[in-house]
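Undergrad: When you get a sec, could you give me coordinates for this:
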Amino acid sequence: MEKHASRRDFVKSAGLGFLTLPGLLGTKPVKANEKKKVVCVGGHPDDPESGCGGTLAKLAAFGHEVTIIYLTTGEAGIPGKTHAEAAAIRKQEAINASAVLKAKPVFAGQIDGDTVMNNEWLAKIQKLIADEQPDLVFTHWPLDTHKDHQIASLLVIQTWVRAAHKFPLYFFEVCTGEQTQIFKPTDFVDISDTQEQKRKSVYCHLSQDPPGIYGCGHASMEDFRGRELGVKAAEAFVYMTGKGMGSAITGF
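TA: You can find the predicted model right below:
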C-alpha cells in the first residue's frame, strides 16, 4: 500500500477506478529497522484468516510483525458443546491458524453471540491496540450482517477516531453477499503466492467446517478480486478516510 496522497500515480485496475497497492509489500524482505506492526481485529476465530489471511501472511513473510486480536473465542460456535468447551477448542484452533500465518494471537475476552459496545470495552480495545503501536490495522466492514462483526468494527473505528496519531485503517470482507454487504473496494492485495497458506490457516478451524467457510464464497471472492486486479487471487479492502490521513501507509 502506498501513500494515498499519490493515488493518481497508482495503476488503475480493470478500468473500474479501483486502485492497486503495489507498494504494500515491497520486493524484498524488510530490514530490522524497517519493520512495521500490523494488527487485525476479528469477531471470531476464523474471521481474520478468511477475510485477509493472505495479506497477513504476505506482510509477515516480508518481516513485519502481525498480531491478530480475536474479540471473542467462539464460545457459541460448536453445537452440543458448552461455552467453556467450545472456547478451549476454538482458542487452540486460532493459535494454530495464527502460527500458519506467522502472526501473534491475542484474545480480547468478549463472548461469542453476546458482544457489547460500551465505554468499558472501548477502553479495553483501545489499550489492546495501543499496546501493539500499530502502523496498520485491519478489521471487519461495519455493514456485515453478523452483530459480532459489527461490534468488532465499531470498537476499532471508535479507537481510530480517538487515536492521537491516526493509524491507517482498512476493512476486509467475509462471505460477501451473505455477511458483508454493500462492499465497494478501494484497494487490493495480490495473494497469489499466499493463497494456499491462507487456506491452510482456515483449515485449522476444524470445528467450523472449513469447506463450508470456502463454500460461502471465499474461493470465488479470491478469484473475482484477482480478476479485478489482473492476478490469480486477491483480497479486497475499503480504506477508512479522514482528517490527517493524507499519507496513509509508507514503508511496506
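Undergrad: pLDDT of stretch 126-133, averaged?
TA: Stretch 126-133 shows a mean pLDDT of 96.
Undergrad: Kindly apply the preceding question to stretch 172-187 instead.
TA: Stretch 172-187 comes out with an average pLDDT of 95.
Undergrad: Would you mind writing the CA trace of it as PDB?
TA: These are the backbone C-alpha positions of stretch 172-187, laid out as PDB (Å, rounded to 0.1, in the frame of the first residue of the first chain):
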ATOM      1  CA  PHE A 172     -12.000  -6.600   4.900                       C
ATOM      2  CA  GLU A 173     -14.900  -8.700   3.600                       C
ATOM      3  CA  VAL A 174     -16.200 -12.100   4.600                       C
ATOM      4  CA  CYS A 175     -18.900 -14.200   2.800                       C
ATOM      5  CA  THR A 176     -19.700 -11.200   0.700                       C
ATOM      6  CA  GLY A 177     -23.400 -11.200  -0.200                       C
ATOM      7  CA  GLU A 178     -24.300 -13.300   2.800                       C
ATOM      8  CA  GLN A 179     -22.500 -11.400   5.500                       C
ATOM      9  CA  THR A 180     -20.600  -8.400   4.100                       C
ATOM     10  CA  GLN A 181     -23.000  -6.000   2.400                       C
ATOM     11  CA  ILE A 182     -22.500  -3.100   0.000                       C
ATOM     12  CA  PHE A 183     -18.800  -3.600  -0.100                       C
ATOM     13  CA  LYS A 184     -17.100  -1.400  -2.700                       C
ATOM     14  CA  PRO A 185     -13.300  -2.000  -2.600                       C
ATOM     15  CA  THR A 186     -10.800   0.900  -2.700                       C
ATOM     16  CA  ASP A 187      -7.700  -1.300  -2.500                       C
END
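Undergrad: how about the strands of this structure, start to end?
TA: 12-13, 18-20, 37-42, 65-72, 104-110, 136-140, 169-172, 187-190, 234-239 (DSSP state E).
Undergrad: Which among those strands is found nearest to Glu120?
TA: strand 104-110 (10.9 Å; CB to CB). Every C-beta, even on glycine, is put in place using the N, C-alpha and C of the backbone.
Undergrad: Show me the contact partners of the closest one.
TA: If you take CB atoms under 8 Å, 6 or more residues apart in numbering as the criterion, strand 104-110 is touched by 65-73, 91, 94-95, 98, 116, 121, 124-125, 128, 148, 151.
Undergrad: other SSEs contacting the longest helix seen in the chain?
TA: Longest helix in the chain by number of residues (criterion: DSSP state H): helix 83-101. In this structure, helix 83-101 makes packing contacts with helix 47-61, strand 65-72, strand 104-110, helix 195-202, judged by 3 or more CB pairs under 8 Å, 6 or more residues apart in numbering; DSSP states H and E.
Undergrad: Now tabulate these in CSV and tack on mean neighbour count.
TA: Putting the helices and strands packed on helix 83-101 into CSV (neighbours: other CB atoms under 10 Å) gives the following:
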stretch, mean neighbour count
helix 47-61, 28
strand 65-72, 25
strand 104-110, 18
helix 195-202, 21
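Undergrad: okay if I get those as TSV plus mean pLDDT and distance to Cys175?
TA: Shown next, in TSV, are the helices and strands packed on helix 83-101 (pLDDT from 0 to 100; distance: least, CB to CB, whole Å):
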stretch	mean pLDDT	distance to Cys175
helix 47-61	96	8
strand 65-72	98	17
strand 104-110	98	21
helix 195-202	98	12
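Undergrad: between the ones you listed, which gets nearest to Glu132?
TA: Closest to Glu132 of the helices and strands packed on helix 83-101 is strand 65-72 (CB to CB; 5.2 Å).
Undergrad: other SSEs contacting that closest one?
TA: Checking 3+ CB pairs under 8 Å, 6+ apart, strand 65-72 ends up next to strand 37-42, helix 47-61, helix 83-101, strand 104-110, helix 119-132, helix 147-162.
Undergrad: switch to 10 Å and redo it
TA: Judged by 3 or more CB pairs under 10 Å, 6 or more residues apart in numbering; DSSP states H and E, the packing partners of strand 65-72 are strand 37-42, helix 47-61, helix 83-101, strand 104-110, helix 119-132, strand 136-140, helix 147-162.
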